[in-house]
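Colleague: Below is the structure, and that's it, no one-letter string:
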């Protein structure tokens, strides 16, 4: 498969200006400089000067081009925090002044992290609010006082209905990834949230795509918004620095293909997307068994487990993350070099946001998509909508030469980097343990079977030999010895007589002793 046309042009930053030139206050600029962010991206350079004036705005740009700081720096600068001169003059000090609404928990966490980094020197109090975790920390933080709230619609409305979250003092409201909120059915909740905020607020709406429902929402709730688009209408929706490959692969061979891709040159972090939760878990388990450091993230996992997996991925504890589309938005992790669509996306928007996890902020990336035979029609629609050159994906297997050539994989690469699963060896030892136990049990059973025969033989050799001459004389000595000691008993040996008396006592000691007394 030939590589898609890529644009290796200058990085998408505006080198000649800094954030200070855009009017951003020094404390925010210093905080960004401390983490190596000095020059703005185009969407930031265009949006920040306008947003700082308090104008409503619709910002449209490809995913991964810096939309978060475009609105984040604006709202951090426009709020009044403790220590500012006018803080005590606020109508309700401690009530949230800025609100960011996100469609997913992962995106909310990422936005909060970026805002906290940018305000590290300014000291704004940022609270993340979403479901799946306990209420108590969020309630305690709201009671103490916060300046910025970032959350998902469900938990935001829940706290508002409980009268714990007061939105009546919001100055700046941001709808991030508005098209995703529309897809997830959050539009009614978003409109309810908007109704809880002051009418004279600044509203900024950011999205990668702009469907008609979002345009209608903007017309209803935004006042004379300025439209910002970081690229011309003819630019590609996908990030141009991402090399795209599309292969027609068989479902049973996909694990082998993925295992080889994970051993490609210049491979760093990898995100693999699946349609279903079960498929994501199965792929993660299979790659772990093959020796790759993998973690799953999907809806069947608790929020804590999802956060731990994402933290491990971000900090390098694992370098392969297998996710459903719940993670397709909002995960901004540096060093994601490859994105693999293990199953064909449902539509063009899902495809754009999946592969948008790589090639972020001007970095190059690789996006690989597997198309099953049953998905050919779906893929053709996506291909035609985005104008991609992959209408007929090339049939590809784990042994196909073009796979190794396209992705820089060593021809001798195998689909496993560790030996067979350790549990297989453990299973063989478990299956062998009964055999090792069996001789011991056979020996014990042999003893149990031999013991009666040995005791019978012992009685015959000890009792049969002396008593063979007469059957009647066998009873008399027994009766005499059981009645009491005699001179004969003393001369016959002290070792034999006590043993005979102990054995006969349990069986016929009383029948033997009675005749002795009568005689």
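Modeller: Received, thanks. Predicted model only: the values in this text are computed from it and were never measured.

Colleague: pLDDT (mean, whole number) over the host helix or strand of residue 314?
Modeller: Applying DSSP states H and E as the criterion places residue 314 in helix 303-315. Confidence over helix 303-315 (mean pLDDT, whole number) is 88.

Colleague: shouldn't residue 131 be in contact with residue 154?
Modeller: Yes: assessed by CB atoms under 8 Å, residue 131 is found in contact with residue 154 at 5.4 Å. (Glycine included, C-beta is placed from N, CA and C.)

Colleague: gap between residue 302 and residue 105?
Modeller: When distances are taken as CB to CB, to the nearest Å, residue 302 and residue 105 turn out to be 11 Å apart.

Colleague: So those two - more neighbours on which side?
Modeller: Neighbour count, other CB atoms under 10 Å: between residue 302 and residue 105, residue 105 has more, with 25 against 10.

Colleague: What sits closest to residue 159 if chain neighbours are left out?
Modeller: Using CB to CB, 6 or more residues apart in numbering and skipping the chain neighbours, the partner closest in space to residue 159 is residue 165 (3.8 Å).

Colleague: Could you check the pLDDT of the one you found?
Modeller: According to the model's per-residue confidence, residue 165 sits at a pLDDT of 96.

Colleague: what about it, neighbour count?
Modeller: 24.

Colleague: Quick check: the gap between it and residue 44.
Modeller: According to CB to CB, residue 165 stands 29 Å off from residue 44.

Colleague: which ones are touching residue 210?
Modeller: By CB atoms under 8 Å, 6 or more residues apart in numbering, the contact set of residue 210 is 58, 60, 179.

Colleague: So which of those residues are in strands?
Modeller: Secondary structure of those is defined by DSSP state E; positions in strands are 58, 60.

Colleague: any idea which of the contacts of residue 210 is closest to residue 74?
Modeller: Distance from residue 74 was checked for each of those by CB to CB. The minimum falls on residue 58, at 14.0 Å.

Colleague: Tell me if I am right that residue 382 is in a helix.
Modeller: Yes: going by DSSP: H, G, I helix; E, B strand; the rest coil, the assignment for residue 382 places it inside a helix.

Colleague: just to revisit the earlier point, so which elements touch the next helix or strand after the helix holding residue 314?
Modeller: Next along the chain after helix 303-315, taking DSSP H and E as the criterion, comes strand 320-323. Helices and strands in packing contact with strand 320-323 are listed as strand 269-273, helix 277-289, strand 294-297, helix 303-315; criterion 3 or more CB pairs under 8 Å, 6 or more residues apart in numbering; DSSP states H and E.

Colleague: between those, which gets nearest to residue 27?
Modeller: helix 303-315 (26.0 Å).

Colleague: Could you pull out the buried residues of the closest one?
Modeller: Of all the residues in helix 303-315, those buried under the rule 16 or more other CB atoms under 10 Å are 306-307, 309-310, 313-314.

Colleague: Other residues contacting that helix?
Modeller: Defining contact as CB under 8 Å, 6+ apart, one finds that helix 303-315 is touched by 105-106, 109, 130-133, 269, 295-298, 301, 317-319, 321, 327, 331, 333.

Colleague: Report the beta-bridge partners for the residue nearest the centre of the chain.
Modeller: Computing the C-alpha centroid of the chain and ranking residues by CA atoms, centre = their mean puts residue 297 first, at 2.9 Å. For residue 297, the beta-bridge partners under DSSP bridges are residue 323.

Colleague: which neighbours do residue 302 and residue 105 share?
Modeller: When contacts are counted by CB under 8 Å, 6+ apart, residue 302 and residue 105 have residue 132 as shared neighbours.

Colleague: Would you confirm that residue 61 contacts residue 208?
Modeller: Yes: using CB under 8 Å, residue 61 is in contact with residue 208, at 7.0 Å.

Colleague: These two: who's more crowded?
Modeller: Taking residue 61 and residue 208 together and counting by other CB under 10 Å, residue 61 has the greater number of neighbours (24 against 21).

Colleague: Would you mind measuring from the more buried one to residue 291?
Modeller: Taking CB to CB as the measure, residue 61 and residue 291 are separated by 39 Å.

Colleague: Check residue 387 too.
Modeller: Where residue 291 is concerned, residue 387 sits at a distance of 39 Å (CB to CB).

Colleague: Which one's more surrounded, those two?
Modeller: Looking at residue 387 and residue 291 with other CB under 10 Å, you find the greater number of neighbours at residue 291, namely 15 against 9.

Colleague: Quick one: low-confidence residue ranges for the stretch 251-400 of the chain.
Modeller: Scanning the stretch 251-400 of the chain for pLDDT under 70 picks out 327-331, 360-363.

Colleague: can you give me how far stretch 166-176 is from the chain middle?
Modeller: Using CA atoms, centre = their mean, to the nearest Å, we find the averaged C-alpha position of stretch 166-176 to lie 31 Å away from the chain's own average C-alpha position.

Colleague: Sorry, wrong one. I was asking about stretch 268-280.
Modeller: The gap between where stretch 268-280 is centred and where its chain is centred comes out at 9 Å by CA atoms, centre = their mean.

Colleague: Which positions in that stretch come out as buried?
Modeller: Applying a neighbour-count criterion of 16+ other CB under 10 Å, one finds 269-275, 277, 279-280 buried in stretch 268-280.

Colleague: Next: stretch 19-37.
Modeller: Buried residues in stretch 19-37, counted by 16+ other CB under 10 Å: 19, 22, 24, 27-29, 31-32, 37.

Colleague: got it, and stretch 43-55?
Modeller: For stretch 43-55, the buried set under the neighbour-count rule, 16+ other CB under 10 Å, comprises 43-48, 50-52.
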